[in-house]
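**Q** coords below, sequence missing:
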């Protein structure tokens, strides 16, 4: 009888368990009309380096050496075009060549970022390398006073190649680094400063010779071709592609309607970049017109970019000490100092003044350039970082529109042939300080959301 009672209890317990097991999904899925619950994505583990991780960083640095390094060397072209090859054009018109180049480098961030997130990294890097090298050789064939040839080859062609390469080369480091992401991205972007040291030296030492422009550009094109081949071999992705089911328009709507810290960051970045590149475009012309020694004129851009190498690594080391979510803590004060230095250029009319300005501006401006991408990545809302490419790409595009107009505005304010320098320098200083204010609001908003349990990382 005891056995029958036990069997009855067991049967009752089994029936109850069966009932509970089968009734719960019915209530949650059918009666409530909800989809089955899904587990949260498992956060991805990051190796924080490794051989392939550091090889990828090296490859990214080579891409920046060739692409962004040319952008930061445009001051050499600006000076040479204004005084020699395109002396029938105003400084503002000449600066449109470099501005379109920078614009495309940044503005192609959204399509390049989307392709990167969709697993098309090789397509971006390979196609970008080919377009960039081809356009470089075409620039060497441009004839004096033929503005459209320089504009198409250097502005449109080289800018398109840069735009396809730059963001994927920087973003791929996020596959290998998290805690040390700012440092890794800083090393990648520091490659641009090294390139901006080497390119001006080659160009300035060849432009003064017969056929010097053509061969100077070809020398740099051959150098860039070899380095880009190496970069394509060295860089590899690690994480599987995470194609977004949302269209870019939907993603942009999400970013700019529900993410207040990100909106403020985008607006602040626009204003900072509006004025940031004025010294990179006009420093060599400034020193030449103020009677600084010809040797220093030749090396003024290189001095600034040597200092920028350290400016793109040291601040990133400090940012990592605040963890990957706090690059703003270093970027904002560095950018405020940069803004003040722009106006200080007015007093740098001697050899010593030019050297001091170049060292200081190169260092502090490098902090914003190298920390802009880690700062944008810190707004990622995905545990697997699958939206990093698009988020960084959107910010890059915003900065592209700023760079498109900032330098031509400065050139117009310069008012040649009298060259009223305080106007463009004051413009640059004010817009950068305004941008710093918005970046500060962005950081405070992000910290507040994190404390309230938001998703900013």
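**A** Ah, there it is. Remember, it's a predicted structure, so these values are computed and weren't measured experimentally.
**Q** Show me where the stretch 51-200 of the chain has its helices.
**A** Remark: helices assigned in the stretch 51-200 of the chain by DSSP state H, counting those that start in this stretch are 74-80, 91-107, 109-117, 121-139, 147-150, 159-171, 181-204.
**Q** Not counting residues beside it along the chain, what's closest to residue 395?
**A** Spatial nearest neighbour of residue 395, excluding adjacent residues (CB to CB, 6 or more residues apart in numbering): residue 376 at 4.2 Å. In this view, the C-beta of every residue, glycine as well, is placed from N, C-alpha and C.
**Q** ditto for residue 188
**A** Excluding its sequence neighbours, the residue lying closest to residue 188 (CB to CB, 6+ apart) is residue 60, at 3.8 Å.
**Q** what's the answer for residue 332, then?
**A** Among residues not flanking residue 332 along the chain, residue 439 sits closest, at 5.1 Å (CB to CB, 6+ apart).
**Q** and the one you found, what does it touch?
**A** With contacts defined as CB atoms under 8 Å, 6 or more residues apart in numbering, residue 439 is in contact with 264, 265, 268, 269, 272, 328, 331, 332, 335.
**Q** Near the residue lying closest to residue 347 once chain neighbours are set aside, how many residues? Count them for me, please.
**A** Nearest in space to residue 347, with sequence neighbours left out and distances taken as CB to CB, 6+ apart, is residue 353 at 6.1 Å. Residue neighbour count, defined by other CB atoms under 10 Å, stands at 17 for residue 353.
**Q** so residue 353 touches residue 341, yeah?
**A** No - in this structure, residue 353 sits apart from residue 341 without contact. The criterion is CB atoms under 8 Å, and the distance is 11.7 Å.
**Q** Looking at the contacts of residue 439, which is nearest residue 164?
**A** Looking at those and their distance to residue 164, the nearest is residue 269, at 20.9 Å (CB to CB).
**Q** What is the three-state secondary structure of that closest one?
**A** Put simply, residue 269 is helix when judged by DSSP: H, G, I helix; E, B strand; the rest coil.
**Q** So for stretch 417-424, first residue to last residue, what's the gap.
**A** Across stretch 417-424, the terminal residues are separated by 15 Å (CA to CA, to the nearest Å).
**Q** What are the buried residues along that stretch?
**A** 421, 424 (16 or more other CB atoms under 10 Å).
**Q** What of stretch 230-241?
**A** Residues 231, 232, 234, 235, 237 are the ones in stretch 230-241 that count as buried (16+ other CB under 10 Å).
**Q** pLDDT weak spots in the stretch 251-400 of the chain?
**A** In the predicted model of the stretch 251-400 of the chain, residues 251-257, 320, 322-326, 381-387, 389 satisfy pLDDT under 70.
**Q** again with the stretch 101-250 of the chain
**A** In the stretch 101-250 of the chain the weaker segments, taking pLDDT under 70 as the threshold, are 239-250.
**Q** okay, now residue 84: neighbour count?
**A** Residue crowding around residue 84 was assessed by other CB under 10 Å; the count is 12.
**Q** so which of the helices of the stretch 51-200 of the chain is the most packed in?
**A** helix 159-171 (a mean of 28; mean count of other CB atoms under 10 Å).
**Q** just the angle between it and helix 91-107, please?
**A** On the basis of axes from the mean of the first three to the mean of the last three CA atoms, to 10 degrees, helix 159-171 is oriented at 40 degrees to helix 91-107.
**Q** roughly how far is helix 159-171 from the heart of the chain?
**A** Distance, stretch centre to chain centre, for helix 159-171: 9 Å (CA atoms, centre = their mean, to the nearest Å).
**Q** picking that back up, compare the helices of the stretch 51-200 of the chain and give me the one nearest residue 213.
**A** Distances from residue 213 to each of those were compared using CB to CB; the shortest belongs to helix 74-80, at 7.2 Å.
**Q** any idea how far residue 349 is from residue 289?
**A** Computed as CB to CB, to the nearest Å, the residue 349 to residue 289 distance reads 10 Å.
**Q** how about the helices of the stretch 301-450 of the chain, start to end?
**A** Using DSSP H, counting those that start in this stretch, the helices of the stretch 301-450 of the chain run over residues 314-321, 328-344, 351-377, 388-414, 422-451.
**Q** Buried by neighbour count: which residues of stretch 340-357 qualify?
**A** So stretch 340-357, judged by 16+ other CB under 10 Å, has buried residues 341, 342, 343, 344, 345, 348, 349, 353, 354, 355, 356, 357.
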